[in-house]
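Colleague: turn this into a model:
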Amino acid sequence: MKRYLYRVLFLLLIIVPLPGVSYEQTEEYAQKQAILNERAARFKAETGFEGDITYNYQYMKFSQLYGTFNDIHLTDPHDTISAGCAFDKVLLRITPFISAREGQLIPSIIERSQYIVSKKWVQKINGYSVHPGGIISISFNIDTQEFIINDATVDIPNTPIPINISKEDAKQIMINEYRKSDDFNYRITGSSREPSIGYLNLSSDGAPSLYRLYWSMGIYLDWYCIDVETLQVYHRKALVECNSYSVKD
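Modeller: Just a heads-up that it's a prediction; the model follows:
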């Protein structure tokens with residue numbers, strides 16, 4: 001009987017999973033942390049920034065900064081010209097440390113509330129937007145007199161991409177793919193958006209370097225994308241994880 005119990009206990013030890021090691025405890029995390037800590041120290045030394053910096057470990061960059069610059073001040077946050085000048089100075093100061101390249105950031109108007117004044121820049125490459133990401137915003141907390149910087153820009157070169165398919169042809173191909181899918185609903189075939197073009201990241205792991213230019217369109221509950229250069233079609237089913245794509249030649 002004891003021998004039987006020992007066997008059962010041994011099997012349970014094998015079957016019951018041991019607690020997993022969190023990412024923060026891995027060697028990879030420690031290495032990335034060291035690199036980003038060194039980069040943050042250099043950033044503070046070169047820019048005169050004092051405050052907190054949050055990291056994006058996937059993209060190996062800063063995601064948010066909250067603090068002050070020793071020589072950039074916003075004494076009248078309600079004055080549009082004064083605020084605009086301060087925000088432009090901050091952007092110029094942090095440009096060497098963000099992913100967007102020269103000429104890719106398009107400014108928007110200054111927005112304000114009772115406590116926050118902010119300005120946003122949208123990243124565009126040769127006129128095409130980026131998703132996910134493609135935005136950097138700089139805000140000023142009136143109460144604490146601190147800047148808040150959120151960087152969601154990505155590293156995409158300014159190299160022009162050949163557009164080997166028109167919007168009309170791309171739309172027809174995506175509609176035809178939808179008609180062949182298991183989710184085709186003949187009663188609402190016209191329920192679709194017009195195709196839009198932009199840089200998307202369709203990789204399953206969200207790798208930073210895999211942004212490509214696509215025509216994309218939502219049809220009913222599905223989403224279709226066509227690579228404008230290779231003409232590969234990507235299909236994402238609704239109600240699944242964003243990176244669940246199937247590829248059709």
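
Colleague: list of residues touching the one helix or strand residue 168 maps to?
Modeller: Under the criterion of DSSP states H and E, residue 168 resides in helix 167-180. Residues outside helix 167-180 that contact it (Cβ atoms under 8 Å, 6 or more residues apart in numbering): 165, 184, 189, 192, 194-195, 197, 215, 217, 219-220, 222, 224, 226, 228, 233, 235, 248. Quick note: C-beta positions are derived from backbone N, CA and C, even for glycine.

Colleague: would you mind identifying the next helix or strand past it?
Modeller: Past helix 167-180, the next helix or strand by DSSP H and E is strand 196-201.

Colleague: report the buried residues of the host helix or strand of residue 223.
Modeller: Taking DSSP H and E as the criterion, residue 223 maps to strand 222-227. For strand 222-227, a neighbour-count test (16 or more other Cβ atoms under 10 Å) marks 222-227 as buried.

Colleague: and the angle from that strand to strand 196-201?
Modeller: Relative orientation of strand 222-227 and strand 196-201, computed by axes from the mean of the first three to the mean of the last three Cα atoms, to 10 degrees: 90 degrees.

Colleague: packing partners for strand 222-227?
Modeller: Identification of packing neighbours for strand 222-227 by 3 or more Cβ pairs under 8 Å, 6 or more residues apart in numbering; DSSP states H and E yields helix 167-180, strand 211-219, strand 233-236.

Colleague: neighbouring strands for it, and are they parallel or not?
Modeller: Applying DSSP bridges to the sheet, strand 222-227 is found paired with strand 211-219 (antiparallel), strand 233-236 (antiparallel).

Colleague: possible to save the ones you listed as JSON lines with mean pLDDT, distance to residue 106 and mean neighbour count?
Modeller: Output for the strands paired with strand 222-227, formatted as JSON lines (pLDDT from 0 to 100; distance: least, Cβ to Cβ, whole Å; neighbours: other Cβ atoms under 10 Å):
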{"stretch": "strand 211-219", "mean pLDDT": "93", "distance to residue 106": "17", "mean neighbour count": "22"}
{"stretch": "strand 233-236", "mean pLDDT": "89", "distance to residue 106": "27", "mean neighbour count": "20"}
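
Colleague: and those strands as TSV, adding distance to residue 154?
Modeller: Conversion of the strands paired with strand 222-227 to TSV gives the following (distance: least, Cβ to Cβ, whole Å):
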stretch	distance to residue 154
strand 211-219	6
strand 233-236	18
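
Colleague: neighbours of residue 157, how many?
Modeller: 11 (other Cβ atoms under 10 Å).

Colleague: which residues does the closest residue to it other than its chain neighbours contact?
Modeller: What sits nearest to residue 157 in space, not counting adjacent residues and going by Cβ to Cβ, 6 or more residues apart in numbering, is residue 101, at 7.0 Å. In this structure, residue 101 makes contact with 155-158, judged by Cβ under 8 Å, 6+ apart.

Colleague: mind checking how far residue 101 is from residue 130?
Modeller: Going from residue 101 to residue 130 by Cβ to Cβ, to the nearest Å gives 12 Å.

Colleague: all helices in the chain, in order from the N-terminus.
Modeller: 2-15, 27-47, 80-94, 167-180 (DSSP state H).

Colleague: now render the ones you listed as TSV, adding mean pLDDT.
Modeller: Output for those, formatted as TSV (pLDDT from 0 to 100):
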stretch	mean pLDDT
helix 2-15	44
helix 27-47	95
helix 80-94	96
helix 167-180	92
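
Colleague: for residue 131, see how far away residue 217 is.
Modeller: As judged by Cβ to Cβ, residue 217 and residue 131 stand 14 Å apart.
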